[in-house]
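In: model this:
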Amino acid sequence: MAVIRRTSVVVMAIVGGLAGSQAPEFAQQYRQRLGGAVEEMQAVVADFDQDARRSGLDREEALDMYARSPDTFLHDRGSSMSALLARFSALVRQREELETADPALRPVVVLRRPDPRIVEGAWRQFELGVPVTTVGAIWTGIGVLVLGFLTWIVARVLRLLFIRRVPKGAPGSRRA
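Out: Numbers count the residues shown, from 1 in each chain. I've put the predicted structure just below:
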């Protein structure tokens with residue numbers, strides 16, 4: 001039983017290392033998609049602001065005009081634009097955080113407030129990367145430690161719950 005337990009811990013530690021090693025690569029691919037999304041949204045926001053200025057309005061006044069419109073289409077269009085502007089602000093903040101973060105902490109920045117659409121796109125196109133950087137090695141080590149330790153704990157708990165204790169000196173005990 002001890003061999004199975006140790007083997008399970010080692011195997012899961014390796015799996016954890018492999019999974020952890022991919023965190024910096026996923027963060028990098030997320031970051032690239034984030035940059036593309038921000039650039040595209042910047043163009044939409046700039047067009048909206050320019051249209052508002054041509055009409056003698058600032059952004060807030062234009063959004064307010066949409067919100068007060070009795071026309072359902074215009075009201076809904078204003079709601080969509082407000083949502084886009086809120087998302088744009090959040091993505092710009094996250095991009096700034098990712099750019100200023102230590103490379104080892106970028107996966108944490110992504111995990112704190114991931115944008116669901118960007119995560120979905122990054123995951124769909126995700127390609128494994130070989131961790132040949134110090135950051136990759138750090139995340140590999142984190143994965144090894146975390147999954148190895150969790151597996152060790154689970155193995156200990158299962159052993160305590162399901163292995164019946166054989167009294168000392170009884171047939172089948174290790175110590176006589």
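In: So which bits of the longest helix anywhere in the chain are buried?
Out: Longest helix in the chain by number of residues (criterion: DSSP state H): helix 23-54. Residues of helix 23-54 classed as buried: 23-31, 33-34, 37-38, 41, 45, 48, 52 (neighbour count, 16 or more other Cβ atoms under 10 Å). Where you see a C-beta, it was placed from the backbone N, CA and C, and this is true even at glycine.
In: who does that helix touch, helix- and strand-wise?
Out: Contacts defined by 3 or more Cβ pairs under 8 Å, 6 or more residues apart in numbering; DSSP states H and E place helix 23-54 against helix 59-68, helix 72-100, helix 106-112, helix 116-125, helix 134-162.
In: Which elements pack onto the shortest one?
Out: If you count contacts as 3+ Cβ pairs under 8 Å, 6+ apart, helix 106-112 packs onto helix 23-54, helix 72-100.
In: ok, back up a step: just so I know, which of the helices and strands packed on helix 23-54 lies nearest residue 8?
Out: Closest to residue 8 of the helices and strands packed on helix 23-54, according to Cβ to Cβ: helix 134-162, at 5.8 Å.
In: Could I get the CA-only coordinates of the lowest-mean-pLDDT helix or strand in the chain as PDB?
Out: Sorting the helices and strands of the chain by mean pLDDT, DSSP states H and E puts helix 2-21 at the bottom, at a mean of 82. Extracted in PDB, the C-alpha atoms of helix 2-21 (Å, rounded to 0.1, in the frame of the first residue of the first chain):
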ATOM      1  CA  ALA A   2       2.800   2.400   0.800                       C
ATOM      2  CA  VAL A   3       4.300   1.900  -2.700                       C
ATOM      3  CA  ILE A   4       0.900   2.800  -4.300                       C
ATOM      4  CA  ARG A   5       0.600   5.900  -2.100                       C
ATOM      5  CA  ARG A   6       4.100   7.100  -2.800                       C
ATOM      6  CA  THR A   7       3.700   6.400  -6.500                       C
ATOM      7  CA  SER A   8       0.400   8.300  -6.600                       C
ATOM      8  CA  VAL A   9       2.000  11.300  -4.900                       C
ATOM      9  CA  VAL A  10       4.900  11.300  -7.300                       C
ATOM     10  CA  VAL A  11       2.700  10.900 -10.400                       C
ATOM     11  CA  MET A  12       0.300  13.700  -9.200                       C
ATOM     12  CA  ALA A  13       3.300  15.900  -8.400                       C
ATOM     13  CA  ILE A  14       4.500  15.400 -12.000                       C
ATOM     14  CA  VAL A  15       1.100  16.200 -13.300                       C
ATOM     15  CA  GLY A  16       0.900  19.300 -11.100                       C
ATOM     16  CA  GLY A  17       4.300  20.400 -12.400                       C
ATOM     17  CA  LEU A  18       3.200  19.900 -16.000                       C
ATOM     18  CA  ALA A  19       0.000  21.900 -15.400                       C
ATOM     19  CA  GLY A  20       1.800  24.600 -13.400                       C
ATOM     20  CA  SER A  21       4.400  25.000 -16.100                       C
END
